[in-house]
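Novice: Give me the fold of what follows.
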Amino acid sequence: MLGPYRQVLALPGALAFSATGLLARLPGGMVSISIVLMLAALTGSYGLAGSVSATFVVAQAVCAPQLARLVDRHGQARVMVPSVTVSALGLAGLTAAAVAGAPSWTLFAAAVLAGATIGSMGALVRARWSRAVHNPGQLHRAFSLESAFDEGTFVLGPVIATALATSVAPWAGLALALVLVAGGGYAFLAQRSTEPPTAVLTGRSGRGSVMRSSAMVGLVVVFVFAGGIFGATDVAVVAFTAEAGRPGAAGLLLAIFAGGSMIAGLLYGAKVWTGPAWRRFLLGVVVLAVGSSLFLLVNSLGVMAVVMFVTGFAISPTIINGNSIIQQVVAKERLTEGLTLLSTGINLGVSLGASVGGTMIDRAGSFGGFGTVTVCGLLAVVAALLTAPVLRRRATEVPHLP
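Specialist: As a prediction, this is how the structure comes out:
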């Protein structure tokens, strides 16, 4: 299984930018939960903690596509070195304000600053892969590897953040996250030889947003609803384990969910698939929706762990195919923007899913939360079915990816 990944990592510069890119985006699985743990411990208010964390996520979701557009026009290092610096300063300011007991508005201001400038390192890494590989099969493996790394950050990140916040200091998890944002980001951006050419240099900068494409709009909508599945699942699992008298098991269940996705990503990428990516993308969305709807039927922690692990197998392949389809529907010089918008869709969906799921949990317990998961899954399937004809037409215009 690892042989195909060794081949792509042996490409010039690939191991270096992939490894530092992994380090730079590890904070993606740490920042939100670190903010919650820190502020809940220092202020005693979970409401404030959740609001500040949500502010960070929303600021990132809104501003990351704008940063990506600048990256496509002017280059990764030129745009993201100062941006990463500002983001790290924002996280430092948030930590200092929390420890000093500063007014609440300073926490929100720092969260906005940090989130608005952190960007999407996963999109930057994938853009480099698109230049480094020699054929579609290698790109498929590279995207699969990066999806597995993404899931790995959501397995390790919360565990590391929780351990630091509970055993070292409430602010320790966020402190490590800001070190990784700066250190990992600078190490990644320092590798100029693998940086993609800018749209300005190619003379094909284009105007407007890639969201003018109906295929792109459809993909983003699907990913918003998929993100809703993830966000609602997070809060529903917390409620489910609390109702079972085992609140500490929530982290383990969510790690199992992400772990299943990580394994699936590696297995999926090791095989070269035939047939159009849009068809496998549609199948993945359906399987994810069906699997997540089974959460409603589970009444024990052990069965929940099994169902989450199996359902997790649909996550990475779906995301991999979505990212691959971007190669077909977005011009090469706008690739970073397109890839970032998919991540943005997921992040927005996570925020909405967590918010709506939390409201439903207040009304009907964990069953209400898992009901939200099921509705998000159904809406994702509907959106994917409506988008499939557009994706099929685009697949006939250019050679599809394996």
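Novice: in the stretch 251-400 of the chain, which ranges drop under the pLDDT threshold?
Specialist: Judged by pLDDT under 70, the stretch 251-400 of the chain has its weakly predicted residues at 395-400.
Novice: ok, which stretches of it are helices?
Specialist: Assigned by DSSP state H, counting those that start in this stretch, the stretch 251-400 of the chain shows helices spanning 277-293, 301-312, 315-329, 335-397.
Novice: For residue 155, which of the ones you listed is the nearest?
Specialist: The closest approach between residue 155 and any of the helices of the stretch 251-400 of the chain, judged by CB to CB, belongs to helix 301-312 at 10.4 Å. For the C-beta atoms, the positions are set from N, CA and C on the backbone; glycine is no exception.
Novice: per-residue confidence for residue 174?
Specialist: According to the predicted model, the pLDDT of residue 174 comes to 93.
Novice: residue contacts, it?
Specialist: Residues near residue 174 by CB atoms under 8 Å, 6 or more residues apart in numbering: 30-31, 34-35, 38, 91, 94-95, 161.
Novice: Recalculate using a threshold of 6 Å.
Specialist: Contact analysis of residue 174 by CB atoms under 6 Å, 6 or more residues apart in numbering lists 34, 38, 95.
Novice: So residue 330 versus residue 336, what's the distance?
Specialist: Using CB to CB, to the nearest Å, residue 330 is found at 9 Å from residue 336.
Novice: In terms of neighbours, single out the busier of those two.
Specialist: The residue with more neighbours, out of residue 330 and residue 336, is residue 336; 30 against 21, by other CB atoms under 10 Å.
Novice: So residue 368 is in contact with residue 358, correct?
Specialist: No: judged on CB atoms under 6 Å, residue 368 makes no contact with residue 358 at a distance of 9.4 Å.
Novice: what's the closest non-adjacent residue to residue 170?
Specialist: Closest residue in space to residue 170, ignoring its immediate chain neighbours: residue 41 at 3.8 Å, by CB to CB, 6 or more residues apart in numbering.
Novice: What strand or helix carries that neighbour?
Specialist: When elements are assigned from DSSP states H and E, residue 41 belongs to helix 31-43.
Novice: Would you mark the buried spots in that helix?
Specialist: Residues of helix 31-43 classed as buried: 31-40, 42-43 (neighbour count, 16 or more other CB atoms under 10 Å).
Novice: Serialize those to a markdown table and add fields for distance to residue 116 and pLDDT.
Specialist: Below are the buried residues of helix 31-43 laid out as a markdown table (distance: CB to CB, whole Å; pLDDT from 0 to 100):
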| residue | distance to residue 116 | pLDDT |
| --- | --- | --- |
| 31 | 13 | 88 |
| 32 | 15 | 81 |
| 33 | 20 | 79 |
| 34 | 18 | 85 |
| 35 | 15 | 86 |
| 36 | 19 | 79 |
| 37 | 22 | 81 |
| 38 | 20 | 88 |
| 39 | 19 | 87 |
| 40 | 24 | 81 |
| 42 | 23 | 90 |
| 43 | 23 | 85 |
